[in-house]
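> need a structure here:
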Amino acid sequence: MAAKPIIEAVRDELIAQSIVRKPSVAGSAPPCWIEPRNGVPAPGEDTDGGSAAEKGATAVLGLWLAPGIPQEPQVASVIRHTVIAIEIRVKVAKDATTIENQIRNALNDKVDWDLGGLHIIDSLLYRELQAIERNAQGFTYDVAYGFHHYVTAP
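Next up, the predicted model:
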């Protein structure tokens with residue numbers, strides 16, 4: 001089985017843990033976008049031409065590839081350190097901490113595990129939860145996780 005791109009594998013892991021859902025799938029969990037072109041919509045906000053299922057009532061998440069850490073030349077062809085930033089938009093500030101704690105339990109401090117066909121050497125919190133913006137639409141937070149993993153053939 002070919003490995004998924006790591007950003008998709010992270011979202012799938014969060015879906016498997018019932019933390020998020022794909023935006024195209026209706027449900028009570030918040031939708032989780034992958035690198036949305038127009039940014040992560042606010043909770044309750046319509047997306048351009050999107051369906052009602054794409055709305056998140058109280059929270060919406062987005063995943064982004066973030067700057068990582070280059071590997072040493074001796075291992076760079078077989079090992080990567082990829083960082084995934086997670087944007088969390090919520091109506092109520094405390095909900096961001098609740099969601100981030102769930103994500104932390106799913107991704108942080110894990111060693112020698114499989115993530116969508118990628119062999120993860122370890123995964124760790126890379127950047128703590130931080131407030132980015134507060135406005136009439138709610139609150140925006142950011143957190144990031146680093147994945148030290150083996151490179152697989154496409």
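> List the neighbours of the lengthiest strand in the chain that are in contact with it.
Across the chain, the longest stretch assigned as strand under DSSP state E is strand 118-135. With CB atoms under 8 Å, 6 or more residues apart in numbering as the test, strand 118-135 has contacts from 3-4, 6, 9, 66, 79, 83, 85, 87-88, 93, 96-97, 100, 104, 107-115, 139-150, 152. All C-beta spots, glycine's among them, are computed from the backbone N, C-alpha and C.
> same check, this time on stretch 62-69
For stretch 62-69, the surrounding residues in contact (CB under 8 Å, 6+ apart) are 7, 10-11, 32-36, 39-40, 80-87, 89, 126, 144, 146.
> and these, which of them are in helices?
7, 10-11 (DSSP state H).
> returning to what we had before: can you list the strands that the longest strand of the chain pairs with?
Applying DSSP bridges, strand 118-135 is found paired with strand 110-115 (antiparallel), strand 138-150 (antiparallel).
> where along this structure do the strands fall?
Using DSSP E, strands in the chain cover 32-34, 59-66, 79-90, 110-115, 118-135, 138-150.
> Any chance of these in TSV with mean neighbour count, mean pLDDT and distance to T47 as columns?
Converted to TSV, the strands of the chain look like this (neighbours: other CB atoms under 10 Å; pLDDT from 0 to 100; distance: least, CB to CB, whole Å):
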stretch	mean neighbour count	mean pLDDT	distance to T47
strand 32-34	22	96	9
strand 59-66	21	96	10
strand 79-90	21	95	13
strand 110-115	13	96	27
strand 118-135	15	96	18
strand 138-150	20	96	16
